[in-house]
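Trainee: Compute the structure for the input listed below.
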Amino acid sequence: MQNNRNFLIAMVLSVAVLVAWQFLVIGPHTAAQRQQQEAAQQTSGESQNPGSLQTPTTPAGTPQADNAAPSGRESVVPGQTPANSPATPQTREAALAGGPRIRIDTPAVSGSINLRGARLDDLRLKKYHETVDDGSPAIVLLSPENTKDAYFAEFGYSGQDVGQLPGPGAVWQGDTSQVLTPDQPVTLTFTNPQGITFTRKIAIDANYMFTVTDSVSNGGSAPVSISPYGRVIRFSKPAVAPSYVLFEGLLGVFGDAGLSEVKYSSIEKDGETHPDKAKTGWLGITDKYWATTVIPTGERAFKPTFRYADQGRPYYQSDYIEDPVEIAPGASADVTTRVFAGAKVVDLIDDYEHQLNIPRFGQLIDWGWFYFITRPMFHAIDWLYRLFGNFGLAILTVTVVLKLVFFPLASKSYKSMARMKAMQPKIMEMRERYKDDKVKQQQAMMEIYKQEKINPAAGCWPMLVQIPVFFALYKVLYVTIEMRHAPFFGWIQDLAAPDPTSLFNLFGLIPITLPHALMIGVWPLLMGVTMFVQMRLNPTPPDPTQQMIFTWMPVVFCYMMAAFPAGLVIYWTWNNTLSIIQQTVIMKRNGAKIELFDNLKGTFRRKPKEQGTS
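Mentor: Sure thing, here's the model as predicted:
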C-alpha cells in the first residue's frame, strides 16, 4: 500500500502543474487575449493616428523629431507621427504599395525595405508556414506601421543643433530596382541641408541576420554630436502563455547584468522600464518561435528602455540610444548595428552568439528552469533526428537511453518492491494482530522494513526522477521550432500539437466536428492502457478509496493528456511500456509474484454483496 501511495503521489506531481496550466489557464487566457486584441485593434482604428511613437531620448534628454531640428537637449518630445499614416489600419497589400521600397529575397526570407525611415517592416519566413501544409501561406513576421498587426525595426539619430536627421519619417534615397540578397547588399543615402550625409549599407546573410552600416560625413563648417538609436516596435501581441511556462514579450541582455525579461502585462502596468546602461548586449521582442532584436556592436555605451504607450493605438517598444558620436568638419564616422528577425533555430542562434560575439544570445530561446536538462535533451533528440530523419523515433530512442541511464536506480527500487511483496503475508498478519493499535502497527511495520532491509519509498524513485525529464521534454516540444510541424508516422503530422484523432467520432469515421474537450485520440488511449497495466503490476491497495483512485486514474489521465503535445504522449506511452517490461523482468528474477493477471481479474470480477444487504 505504501508503494502504491508513493506511486500515486509521483504521478500526480509530474503532471498536476501542466494539466492545471493547460486546462485552467491557457485555454481561457488565449480566448480572452484574442478578444482583447481584436477589440483594441478595432478601437485604435477608430481613434487617432496610429503612428504616434515615442523615439528614444538622448542621455541628456531630447529625441530628434522627423525632419525637424531639435529644440534643445533638456526638452522631451513625447511622440511623433510618421507622414502619410492613415487614420485607420490598412490592408498589408495597400500599405506595401504606399511608398518606395527595395525588395528582399534570400533562401530564408522575402519582403522589402521601406525607404521611408529605412525600416525593416516587411518580412516573410519562407521556410515556415501557417499550417503543416507546405502550400499554406508563409509566416509573416514584420508588417508596416499602417497595418493592423504592425511590427518593425528601425534605426535613426538624435542630436542638437544639427538640423534634419533621418528618423521615422525621413525618406532615404536608393535604387528601387535593386534586390537585397546574401550576395548583394543595398545602399541608401540621406543628406540634410546642413551638409551631413548618411550613407547606409544594408546586408543580410543566408538566414535572418541583417547588418546595417552607416557612414556619417560632416560636410558642414561646425562639429556635430549625434546619438544613434535603434528600436523594435509592435502594435499587437500574441496570445501569451504565463511566464512560468513560456516567456513572450520584451527582453534583452545588457552587459554583465544578464537577461532582462519584461512581460506584456508588466510593461502595460509600468509604462517604461530602464535597465542599466551597458556597452554590450542586445534587445527586442520575442514570441514562442520568432523574434526581432536590435544589436549594437559595442563600440559605444548605450541606454536601453522598454516602453508601452496606450494613447490611441497601443504599442510595445524595445529601444536603445547610444552615447553621442562626435564628428569634426570634413570628418566621418561609422556606426554598425545588427538586426535579427526570424525563426529561433537553436543551432543558428548559438552560431550567432559565438561567431558574432553576441553575449548570451542563446537565451533568446526560453529553456525553462530545467535548462541544464532541456538543452542537452534537445541536442540529443536533434542529433538522433539527423540520424533517423524522424523526431518521433528520436524521442523513442532518447527514452531508451534514459532507461539505461536510470537502470541501476530502477533495478534497486524494483528489488526493494519485490522484497516488500514477499513480506506481504507477514505484514498482513501483523496488521491483523495490531488492528486496534495504529501506533504499534506502524512501529512493527518499520521493524519489518529494518529487518528485511526494505526501503518503503523505493518504488517512488523511478517516477520521481522522471519529473524533471518530463518537464524538460515538454519544454523541448513546446518551445523549440525544430519540433514545430515535425511529423511522426500515420496521422501524427505535428509532434508539438495534440493527437488530432478522437474516440468520440470513431477516429474520423464519423464526419463531425468535436469540441476540444472531446478530442481524445489514439495515443492518449494507448497511454492510458499502458498506465493501467503498469499500475496493475503492483498489489491492489486494501483501502477502497485507493482502489477506486487507482482504477479511474488512467481514465482521468487519458482525458487530461489528450490536450498535450503528441510527442509528449508518445514519450509517456513508450516509457510506460519499457517500465512494464523492466519491472516484470526484475521482479521475476527476484522471485516476486507478478500481480498483473490476478489484479486484472480482480478489477473486472463482480464484487460479492455483503451479508445483510439486498
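
Trainee: Residue 210 sits in which helix or strand?
Mentor: Element membership of residue 210, judged by DSSP states H and E, is strand 209-218.

Trainee: To clarify, my last question referred to residue 135.
Mentor: Counting by DSSP H and E, residue 135 is found in no helix or strand.

Trainee: Adjust the sequence numbering to begin at 51 for everything that follows.
Mentor: Sure, I'll start numbering at 51, so the last one becomes residue 185.

Trainee: mind listing what it touches?
Mentor: residue 179 (C-beta atoms under 8 Å, 6 or more residues apart in numbering). (Each C-beta comes from the backbone N, C-alpha and C, glycine too.)

Trainee: what about it, distance to residue 204?
Mentor: Between residue 185 and residue 204 the distance is 33 Å, computed by C-beta to C-beta, to the nearest Å.

Trainee: domain assignment for the chain?
Mentor: 150-416, 466-509, 548-655 (automatic domain parsing).

Trainee: where's the first one relative to the chain centroid, distance-wise?
Mentor: Mean-position distance between domain 150-416 and its chain equals 21 Å (C-alpha atoms, centre = their mean, to the nearest Å).

Trainee: average pLDDT across that domain?
Mentor: Per-residue pLDDT over domain 150-416 has a mean of 93.

Trainee: for the last one, same thing?
Mentor: Rounded to a whole number, the mean pLDDT of domain 548-655 is 79.

Trainee: how about the helices in the stretch 301-450 of the chain?
Mentor: Secondary structure of the stretch 301-450 of the chain by DSSP state H, counting those that start in this stretch: the helices cover 314-320, 396-405, 421-438, 441-455.

Trainee: and the angle for the second one with helix 421-438?
Mentor: So the one you mean is helix 396-405. Angle between the axes of helix 396-405 and helix 421-438 is 120 degrees (criterion: axes from the mean of the first three to the mean of the last three C-alpha atoms, to 10 degrees).

Trainee: so how far is residue 320 from the residue nearest to residue 342 when sequence neighbours are not counted?
Mentor: Leaving aside its chain neighbours, residue 342 sits nearest to residue 391 (4.6 Å; criterion: C-beta to C-beta, 6 or more residues apart in numbering). In this view, residue 391 and residue 320 are 26 Å apart by C-beta to C-beta.

Trainee: How about residue 383?
Mentor: Using C-beta to C-beta, residue 383 is found at 35 Å from residue 320.

Trainee: Which residues does stretch 373-386 contact?
Mentor: Contacts for stretch 373-386 (C-beta under 8 Å, 6+ apart): 108-109, 209, 246, 261-278, 347, 349-352, 372.

Trainee: could you redo the last one with a cut-off of 6 Å?
Mentor: With C-beta atoms under 6 Å, 6 or more residues apart in numbering as the test, stretch 373-386 has contacts from 263-268, 271, 273-278, 347, 350-351.

Trainee: Provide a list of residues in contact with the residue nearest to residue 342.
Mentor: Taking C-beta under 6 Å, 6+ apart as the test, what residue 391 contacts is 173, 258, 342.

Trainee: Please identify which of these is nearest to residue 157.
Mentor: residue 258 (10.8 Å; C-beta to C-beta).

Trainee: Could you report the neighbour count for the closest residue to that closest one other than its chain neighbours?
Mentor: Counting by C-beta to C-beta, 6+ apart, residue 392 is the residue found nearest to residue 258 once chain neighbours are left out, at 2.6 Å. Counted with other C-beta atoms under 10 Å, residues neighbouring residue 392 total 26.

Trainee: One more: residue 407?
Mentor: Around residue 407 there are 11 residues (other C-beta under 10 Å).

Trainee: now swap in residue 439 and tell me
Mentor: The number of residues packed near residue 439 is 9, by other C-beta under 10 Å.

Trainee: any idea how far it lies from residue 617?
Mentor: Counting by C-beta to C-beta, the separation of residue 439 from residue 617 is 16 Å.

Trainee: Turn the helices of the stretch 301-450 of the chain into CSV, columns for distance to residue 300 and mean neighbour count.
Mentor: Converted to CSV, these look like this (distance: least, C-beta to C-beta, whole Å; neighbours: other C-beta atoms under 10 Å):
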stretch, distance to residue 300, mean neighbour count
helix 314-320, 6, 14
helix 396-405, 18, 16
helix 421-438, 21, 16
helix 441-455, 31, 18
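
Trainee: Could you export these as a markdown table, including distance to residue 546?
Mentor: Shown next, in a markdown table, are these (distance: least, C-beta to C-beta, whole Å):
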| stretch | distance to residue 546 |
| --- | --- |
| helix 314-320 | 23 |
| helix 396-405 | 14 |
| helix 421-438 | 12 |
| helix 441-455 | 9 |
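
Trainee: follow-up on the earlier one: could you pick out the buried ones from the contacts of stretch 373-386?
Mentor: The neighbour-count criterion (16 or more other C-beta atoms under 10 Å) marks 263-268, 274, 276-278, 347 among the contacts of stretch 373-386 as buried.

Trainee: residue contacts, residue 626?
Mentor: So residue 626 contacts 580-581, 584 (C-beta under 6 Å, 6+ apart).

Trainee: Which secondary structure element is home to residue 271?
Mentor: Residue 271 belongs to no helix or strand when assigned by DSSP H and E.

Trainee: Quick one: neighbours of the residue nearest to it when sequence neighbours are not counted, just the number.
Mentor: Distance criterion C-beta to C-beta, 6+ apart; nearest residue to residue 271, sequence neighbours excluded, is residue 379 at 5.5 Å. Applying other C-beta under 10 Å, we find 12 residues neighbouring residue 379.
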